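Asker: Fold the following for me, if possible:
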Amino acid sequence: MDNITRFELTLKALNGFGEREGHLRVPAVHTEFVGDLEVPLGSWVGYLRQRRRKGQLPPARITVLESLSGWQWGPLRPGPSTNSDRNVRIMELHSSGKSLRQIADEFDLSRQRVHQIVRKNAMA
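Answerer: Residues are numbered from 1 along each chain as shown. Below you'll find the predicted structure:
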């Protein structure tokens, strides 16, 4: 798939996400489906933000993204519950015997991120 087609596909995925969720704050590990295609939307959004910071994103793509209602370049802020509150809850669930997969699914995080939180808080 060429870059123009990939950009259009991921833009379509971003629009679908925005219509459904009411915002464009895509979680880093989020995957969106466009038809039968699985689009790694969270990593794509992060990649675009990184390229813009480095001055490597074409002005035409910046214009397209900035025309989307709700688009933000960042930095994104955490939602209503703080990471500290979330991490305490993750540790409680882990202590009660829940698996990393179950915890990750509950908080919409990767298992690797949950493992990092558990390891960091176990050392503290």
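Asker: Against residue 24, how distant is residue 74?
Answerer: Using Cβ to Cβ, to the nearest Å, residue 74 is found at 11 Å from residue 24. To be clear about C-beta, it is placed using only N, CA and C from the backbone, and glycine gets the same treatment.
Asker: More neighbours: which of the two?
Answerer: For residue 74 and residue 24, the more surrounded residue by other Cβ atoms under 10 Å is residue 24, and the numbers stand at 16 against 12.
Asker: Could you chop this structure up by domain?
Answerer: Taking automatic domain parsing as the reference, the chain has its domains at 3-66, 83-123.
Asker: Take those domains and write them to a markdown table, including mean pLDDT.
Answerer: Putting the domains of the chain into a markdown table (pLDDT from 0 to 100) gives the following:
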| stretch | mean pLDDT |
| --- | --- |
| domain 3-66 | 92 |
| domain 83-123 | 88 |
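Asker: Tell me which residues of the helix or strand encompassing residue 50 come out buried.
Answerer: Here residue 50, judged by DSSP states H and E, is contained in helix 41-53. Residues 41, 42, 44, 45, 48, 49, 52 are the ones in helix 41-53 that count as buried (16 or more other Cβ atoms under 10 Å).
Asker: could you check the distance from the closest residue to the first one other than its chain neighbours over to residue 11?
Answerer: When the adjacent residues along the chain are set aside, residue 41 lies closest to residue 32, with 4.3 Å between them (Cβ to Cβ, 6 or more residues apart in numbering). When distance is defined by Cβ to Cβ, residue 32 is 11 Å away from residue 11.
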